[in-house]
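**Q** Could you work out the structure for the sequence below:
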Amino acid sequence: MKKFMIYAICAVSAVIFYQNRYRLMNTVLSQPGIRRSFIHLFLRIPFIRNKFIQQAF
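**A** Numbers count the residues shown, from 1 in each chain. Modelled structure (predicted):
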């Protein structure tokens, strides 16, 4: 029974997280330091950097 409750709580948490994923992402990325780190991380990936440069210019 205890294992079932843990699985149920995880499933409900996953559904809530999925439904609010963009709101959560906007909240996290509204912090300047985290946003800067996130952009720095993604621009280190060659495919994403090349796509961004092509669209920017």
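**Q** who touches the host helix or strand of Y22?
**A** Using DSSP states H and E, Y22 sits in helix 21-29. With contact meaning Cβ atoms under 8 Å, 6 or more residues apart in numbering, helix 21-29 is reached by 17, 34-35, 38. All C-beta spots, glycine's among them, are computed from the backbone N, C-alpha and C.
**Q** Show only the entries of those residues found in helices.
**A** 17, 34-35, 38 (DSSP state H).
**Q** neighbour-wise, which of those leads?
**A** F38 (14 neighbours; other Cβ atoms under 10 Å).
**Q** For F42, give its distance to I53.
**A** Distance, F42 to I53, by Cβ to Cβ, to the nearest Å: 13 Å.
**Q** should've said V28
**A** Computed as Cβ to Cβ, the V28 to I53 distance reads 25 Å.
**Q** Show me which positions of the helix holding Y22 end up buried.
**A** For helix 21-29, the buried set under the neighbour-count rule, 16 or more other Cβ atoms under 10 Å, is empty.
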